[in-house]
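Trainee: the amino acid sequence is not available; the structure is as follows:
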Ligand SMILES: O=C(O)c1ccccc1N[C@@H]1O[C@H](COP(=O)(O)O)[C@@H](O)[C@H]1O
């Protein structure tokens, strides 16, 4: 089970996620939120992250040239597009040398037109609730069993106590969490991070 811990802001957060065995860590470059961070601060955290841990920058409906500038300045390998970004945006981010993680609300994913769906399905997909980072799960009925074909990630309201149950239900290849490992909104709790990674790694999706 691939595990991403998102919304990290401090050296303590990064150390906790790495020590817990996270496969990826996320930094929110969407301005104005409780987890927002600037690229310069992330660049200072890079030396704490082993090479085998993927660093992901999270963006939502931002100018794509600015996305690429921020991702470069921060030193992340992967760009998570968490809004209404287009296939042209995808092409620009990939041409700049970044891996892409494409996040959709489950509802938006279920309503994609066939040709667009086929194009996005070739990418790594993350399915989330409608409001990202709100700690809310989504109703599996929205998808009607129609999950992405590849190694997709599940997000939205995951916590140490429910991740095993939700992995068994949705059968994703990986999970992504933010709110569920926080002591208060925007403040990570190392013990919850440890518990989440352990529970996710022990969960079975088949
Ligand atoms: O976490 C945020 O603040 C955020 C802001 C804007 C876009 C995405 C954001 N986070 C993503 O939301 C889910 C986690 O949600 P939850 O809090 O665990 O329910 C995850 O994909 C984050 O990358």
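Mentor: Great, that's in hand. From a predicted model like this one, the values you see are computed outputs, not experimental measurements.
Trainee: quick one, phi/psi of residue 102?
Mentor: phi -100, psi 120 (degrees, to the nearest 10).
Trainee: gap between it and residue 81?
Mentor: Using Cβ to Cβ, to the nearest Å, residue 102 is found at 5 Å from residue 81. All C-beta spots, glycine's among them, are computed from the backbone N, C-alpha and C.
Trainee: now for the two: what residues contact both?
Mentor: residue 90 (Cβ atoms under 8 Å, 6 or more residues apart in numbering).
Trainee: what sits against the residue most central in space within the chain?
Mentor: Nearest to the mean C-alpha position of the chain, counting by Cα atoms, centre = their mean, stands residue 176 at 5.1 Å. Taking Cβ under 8 Å, 6+ apart, we find residue 176 in contact with 3-6, 24, 26, 126, 128, 153-155, 158.
Trainee: check which helix or strand it maps to.
Mentor: strand 174-177 (DSSP states H and E).
Trainee: what of residue 43?
Mentor: helix 39-45.
Trainee: just checking, what packs against that helix?
Mentor: With contacts defined as 3 or more Cβ pairs under 8 Å, 6 or more residues apart in numbering; DSSP states H and E, helix 39-45 has these neighbours: strand 54-59, helix 64-74.
Trainee: and of these, who's closest to residue 42?
Mentor: helix 64-74 (3.9 Å; Cβ to Cβ).
Trainee: touching the closest one from outside, list them.
Mentor: Residues outside helix 64-74 that contact it (Cβ under 8 Å, 6+ apart) are 27, 29, 39-40, 42-43, 46, 55, 57, 59, 79, 81, 85, 89, 92-93, 96, 98.
Trainee: OK, contacts around the nearest residue to residue 48 once chain neighbours are set aside?
Mentor: Distance criterion Cβ to Cβ, 6 or more residues apart in numbering; nearest residue to residue 48, sequence neighbours excluded, is residue 14 at 5.0 Å. Shown in contact with residue 14 (Cβ under 8 Å, 6+ apart): 8, 25, 45, 48-49.
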